[in-house]
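Trainee: I would like to see how this sequence folds:
(4 chains)
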2 protein chains.
Amino acid sequence: MVVYQLGQESVDRIFAALADATRRDIVTRVMAGESSVSALARNYEMSFAAVQKHVAVLERARLVSKERRGREQIVRGDVGTVRAAARLLGELEELWRARIGRIDDLLAAPGGDAR
Amino acid sequence: MVVYQLGQESVDRIFAALADATRRDIVTRVMAGESSVSALARNYEMSFAAVQKHVAVLERARLVSKERRGREQIVRGDVGTVRAAARLLGELEELWRARIGRIDDLLAAPGGDAR
DNA sequence: CTGATATACAACCACAAGGTTGTACGTTAG
DNA sequence: CTAACGTACAACCTTGTGGTTGTATATCAG
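Mentor: Reported below is the predicted structural model:
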């Protein structure tokens, strides 16, 4: 399995890409099954060009990839990037858990102020 | 345990808030241990007002909460929101897994094209 | 070849984001 | 009381974002 090592700008792009309901919907669709850009566009009430831009944002964030098939571009979801993002959130949870652990330790120490 | 049910705008705010390295750093710090806004501000090379704005963005996204303590505002991380975001990403992974499962089924069916 | 389809991309617009400085006000230290 | 500290917020500026329309190009059907 490929392990993703992400720079700050990559993380910026991933979360920024996910901060739009249309783009989250696109990712949802292509994770469930690949689709051409025009087929995706038919699902939304905006112009084809707008959808094309959304796909481009997702592509820059590596949340999806495109592959040309004849005159169509087939869009696929990239689960590795999703997992990388989920792992970052998991690390935040871990920090929180560690803090709770320390608080428990403090409460358990009768003298307190254990430096 | 409280289960978070998020509207689209809430999800927008959460991911948008996480799409900035300074804000991710703030969340990281307050998950590890609470801190006043001014103490946070000392870690960055921007103005106090800028950090204050970042905290406000995180607060609107419910990634952190503030509590006044004397003249200071104490910032704390909200692990529930982080978990809610992680769960959304988990659902995307789940869609992907389901798709892989279906592809396996197709490959396993000798006749193919089972409509 | 012709016409419809799928895409790419530039130009434009309105508005939000991320930063600054300046001002005001409540709280704590001396 | 006074001064310093911590915060809040408004005004402003520059850049980015999300949409539009228009034009160009490549592929497929007949």
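
Trainee: now do the buried residues in the least confident helix or strand in chain A by mean pLDDT.
Mentor: The helix or strand of chain A with the poorest confidence is helix A:79-108; it has a mean of 89 (mean pLDDT, DSSP states H and E). Buried residues in helix A:79-108, counted by 16 or more other C-beta atoms under 10 Å in any protein chain shown: A:79, A:81-86, A:88-89, A:92, A:95-96, A:99. For every residue, glycine as well, the C-beta is placed using N, CA and C.

Trainee: can you give me the helices in chain A?
Mentor: A:8-18, A:21-32, A:37-41, A:48-60, A:79-108 (DSSP state H).

Trainee: nearest to DNA strand C, of these?
Mentor: DNA strand C lies closest to helix A:37-41 among the helices of chain A, at 2.7 Å (C-beta to the nearest atom of the strand).

Trainee: so how far is B:A85 from A:A16?
Mentor: 14 Å (C-beta to C-beta, to the nearest Å).

Trainee: hey, what's in contact with both of the two?
Mentor: B:F15 (C-beta atoms under 8 Å, 6 or more residues apart in numbering or on different chains).

Trainee: that older thread, same list, the helices of chain A, but as CSV with distance to B:V55 please.
Mentor: Shown next, in CSV, are the helices of chain A (distance: least, C-beta to C-beta, whole Å):
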stretch, distance to B:V55
helix A:8-18, 17
helix A:21-32, 25
helix A:37-41, 37
helix A:48-60, 27
helix A:79-108, 16
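
Trainee: redo these as a markdown table? Include distance to DNA strand C.
Mentor: Formatted as a markdown table, the helices of chain A follow (distance: least, C-beta to the nearest atom of the strand, whole Å):
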| stretch | distance to DNA strand C |
| --- | --- |
| helix A:8-18 | 8 |
| helix A:21-32 | 12 |
| helix A:37-41 | 3 |
| helix A:48-60 | 4 |
| helix A:79-108 | 17 |
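
Trainee: which regions of chain A sit below the pLDDT cut-off?
Mentor: A:2, A:4, A:106-115 (pLDDT under 70).

Trainee: contacting residues for the residue nearest the centre of it?
Mentor: Residue closest to the average C-alpha location in chain A (C-alpha atoms, centre = their mean): A:V82, at 4.3 Å. Contact analysis of A:V82 by C-beta under 8 Å, 6+ apart lists A:V27, A:M31, A:L63, B:L89, B:L92, B:E93, B:W96.

Trainee: out of the residues you listed, who's near DNA strand D?
Mentor: The subset of the contacts of A:V82 within reach of DNA strand D, counting by C-beta under 7 Å from any atom of the strand, is empty.

Trainee: how about the residue of chain A at minimum distance from DNA strand D, phi and psi?
Mentor: Nearest residue of chain A to DNA strand D: A:G70, at 2.6 Å (C-beta to the nearest atom of the strand). In terms of degrees, to the nearest 10, the main-chain angles of A:G70 are phi 60, psi -130.
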